[in-house]
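> Got a sequence here, can you model it:
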Amino acid sequence: MQYLDIAPEVASALHQGNPVVALESTIISHGMPYPDNVATGRALEQAIREEGAIPATIAIINGKMKAGLSPDELEWLGKPENKIAKASRRDLPWLLMKKLPGATTVAATMLIAEKAGISIFATGGIGGVHRGASETFDISADLQELARTNVAVVCAGAKSILDIGLTLEYLETLGVPVVGFQTDEFPAFYTRSSGYGVDCRLDSPDEVAQFIHTKWNGGLKGGVVVANPIPAGKEPAYSTIAQATEKALDEAQRQKLRGKEITPFLLRRIKELTGGESLRANVELALNNARLAARVAVGYSGR
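Residues are numbered from 1 along each chain as shown. Below is the predicted model:
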């Protein structure tokens with residue numbers, strides 16, 4: 001494909017039927033400050049390797065949808081002076097045509113992963129229905145992508161800045177199954193519980209792999225949300241996150257932020273308001289998701 005560039009290591013693993021896990025790049029360019037972002041990107045790739053799979057961090061570079069980055073490319077994406085665009089599905093034609101760099105969101109990462117032949121993807125948290133969406137219609141493209149793209153997304157639920165109840169309702173409408181990994185409750189990114197249930201609970205990576213295999217072999221198109229709570233003992237206090245989230249949301253509303261501007265702003269402000277506690281939690285949950293995704297990919301590749 002003209003616009004797709006699969007790294008040799010990733011292409012070799014896919015050709016041999018070995019497990020590969022996709023990683024997004026917005027966590028590097030927009031989700032964390034430098035150099036924490038680059039260190040986290042490298043740690044995620046290493047965690048996947050340690051579990052027996054090959055990492056494929058995805059981004060837009062030099063007019064190509066790249067599946068698998070070099071260490072230098074990952075470092076370059078993390079430096080704020082390089083002004084990397086936040087790239088969802090709608091942004092791809094422009095970035096590819098103009099050969100502009102882009103860090104892929106969940107939606108764009110899923111799309112490119114499917115084109116490359118990668119079935120399992122690890123991220124922090126999915127996007128969803130924003131609070132106040134009944135007036136703003138601010139709903140993440142991640143949800144529509146989950147409805148049409150055959151990629152399983154291992155995540156710590158939906159970001160706590162969202163309306164989680166409406167996000168789950170929207171996923172139900174789209175026919176996207178939400179699987180709880182060793183939990184009956186949908187996690188809320190920084191915290192292990194949200195007050196909302198999941199569609200089903202599975203307790204081993206192999207069961208998750210079997211579920212995914214059954215769905216797609218049954219001709220049921222679309223993704224799967226694998227909700228994997230942040231490890232016990234690593235979550236911040238609920239009150240700390242809730243207070244910081246409300247304050248950050250109020251500031252965003254007063255500044256009239258919308259669309260792709262809002263999530264990076266909120267995550268940055270929550271980090272500042274919690275004294276970095278939310279950043280530490282973000283790293284922990286992302287690593288936890290990468291490890292689980294690799295184990296699921298190992299199980300899936302053997303089927």
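> What strands flank the lengthiest strand in the chain, and is each parallel or antiparallel?
When secondary structure is assigned using DSSP state E, the longest strand within the chain turns out to be strand 54-61. Strand 54-61 has its sheet partners listed here by DSSP bridges as strand 20-23 (parallel), strand 64-67 (antiparallel), strand 102-104 (antiparallel).
> from what I can see, residue 93 looks like it's in a helix, true?
Yes - read with DSSP: H, G, I helix; E, B strand; the rest coil, residue 93 is one of the residues of a helix.
> Distance-wise, check residue 59 relative to residue 269.
With the distance defined as CB to CB, to the nearest Å, residue 59 ends up 25 Å from residue 269. Every residue, glycine included, has its C-beta placed from N, CA and C.
> ok, those two, which is more surrounded?
Using other CB atoms under 10 Å, the more surrounded residue of residue 59 and residue 269 is residue 59, with 29 against 19.
> what's around the residue nearest to the more buried one when sequence neighbours are not counted, how many residues?
Spatial nearest neighbour of residue 59, excluding adjacent residues (CB to CB, 6 or more residues apart in numbering): residue 25 at 4.1 Å. Other residues near residue 25 number 31, with proximity taken as other CB under 10 Å.
> what's residue 25 sitting at in phi/psi?
Main-chain dihedrals, residue 25, degrees, to the nearest 10: phi -120, psi 0.
> cool, residue 140 as well?
Listed backbone geometry of residue 140 is phi -60, psi 140, with angles given as degrees, to the nearest 10.
> Turn the strands paired with strand 54-61 into JSON lines, columns for distance to residue 87 and mean pLDDT.
Below are these laid out as JSON lines (distance: least, CB to CB, whole Å; pLDDT from 0 to 100):
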{"stretch": "strand 20-23", "distance to residue 87": "14", "mean pLDDT": "98"}
{"stretch": "strand 64-67", "distance to residue 87": "9", "mean pLDDT": "98"}
{"stretch": "strand 102-104", "distance to residue 87": "3", "mean pLDDT": "98"}
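> just these: most buried one?
Between these, the one whose residues have the most neighbours on average, counting mean count of other CB atoms under 10 Å, is strand 20-23 (a mean of 30).
> The longest helix seen in the chain - what's its average pLDDT?
With DSSP state H setting the assignment, residue counts place helix 277-301 as the longest helix in the chain. With pLDDT averaged residue by residue, helix 277-301 scores 95.
> Check stretch 208-225 too.
Per-residue scores along stretch 208-225 average to 98.
> got the buried residues for that stretch?
208, 209, 210, 211, 212, 215, 216, 222, 223, 224, 225 (16 or more other CB atoms under 10 Å).
> likewise stretch 189-201?
So, applying 16+ other CB under 10 Å, buried residues of stretch 189-201: 189, 190, 191, 192, 194, 196, 198, 199.
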